[in-house]
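S.K.: Only the shape, not the letters, is given here:
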């Protein structure tokens, strides 16, 4: 099977290219966060806004399926340049839907739920609170209406290590807490009762391959476990720094999202997460403790900070 992974040099795509190695894979990416791509995988440099390049790539490669990972990801990162966010997160998805007739696998986000105090499935009414969530929801809706063969995942909050080639994200809540605990810093938790559906980055690849090889279509939540931020911090400290300090601050944080989901619908197809939170925290902590990341304060590891420093023209 020919599989084109658009945005395949990123956080999710790193492990996905390994996990789909039994298929004929081509990565299409503009290397926004990278200076090079040395992974031994067929590669085409390109931006999703360059539709001529993308169109010629599709004609030459003739993919049986396109996995669309390309996006500006995160509330803060999307606020840096709302026009770019709309172009990448919605307009490019609309274009691929209108110009490609094969299977599209699209990664959306559980952030579309915004605030919801119930345990929710895919029928819950979306309540996007950010440009990130609203552009992802808009892209979802266009695909569902106009694409006959699409699989859409509303991803939980990612964490963990993918492969060892791709950029690590240190701006995700579980990864941030792991970083600080490993470095001996106290953890400051604002409120802490907010729920997040957590998902190991490698389990996204497991789900994509499962959906691809079993020809599954539709809209699905995807997560491993629901945790409150407070509970997550306690787990991280227990694993990484049993004597660590957690400071609970009784004030609301600017991120108002609060949601916990069920992924029973996709689990019913035979998919189950293969990576535990405990293993994910342990592996990331080991990489940090061994100084395999030279400068964890580098803006490269944060989508928002990096895009604030970069010319996005």
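M.R.: Everything's here; your move. What you see is a predicted model; the values in this text were computed from it and never measured.

S.K.: Hmm, residue 1 and residue 23 touching each other?
M.R.: Yes. The criterion here is C-beta atoms under 8 Å, and residue 23 meets it with residue 1 at 4.6 Å. For glycine as for every other residue, the C-beta is placed from the backbone atoms N, C-alpha and C.

S.K.: Assumed residue 142 was part of a helix.
M.R.: Yes. Assessed with DSSP: H, G, I helix; E, B strand; the rest coil, residue 142 lies in a helix.

S.K.: can you pull out the strands in the chain?
M.R.: 2-6, 24-29, 43-45, 65-68, 103-109, 115-120, 150-155, 157-159, 187-190, 195-200, 218-222, 225-228, 246-249, 258-261 (DSSP state E).

S.K.: need the ones you listed in TSV with mean neighbour count and distance to residue 300, can you?
M.R.: Below are the strands of the chain laid out as TSV (neighbours: other C-beta atoms under 10 Å; distance: least, C-beta to C-beta, whole Å):
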stretch	mean neighbour count	distance to residue 300
strand 2-6	24	21
strand 24-29	22	16
strand 43-45	17	19
strand 65-68	26	24
strand 103-109	23	21
strand 115-120	13	31
strand 150-155	24	22
strand 157-159	23	17
strand 187-190	18	23
strand 195-200	25	22
strand 218-222	22	26
strand 225-228	18	27
strand 246-249	12	28
strand 258-261	21	29
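
S.K.: could I get these as TSV with mean pLDDT?
M.R.: Listed next are those as TSV, based on pLDDT from 0 to 100:
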stretch	mean pLDDT
strand 2-6	98
strand 24-29	98
strand 43-45	98
strand 65-68	98
strand 103-109	98
strand 115-120	92
strand 150-155	98
strand 157-159	98
strand 187-190	91
strand 195-200	96
strand 218-222	98
strand 225-228	96
strand 246-249	90
strand 258-261	93
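
S.K.: which stretch among these comes nearest residue 267?
M.R.: Taking C-beta to C-beta, strand 218-222 is the member of the strands of the chain nearest to residue 267, at 9.2 Å.

S.K.: got the angle between that closest one and strand 103-109?
M.R.: On the basis of axes from the mean of the first three to the mean of the last three C-alpha atoms, to 10 degrees, strand 218-222 is oriented at 40 degrees to strand 103-109.
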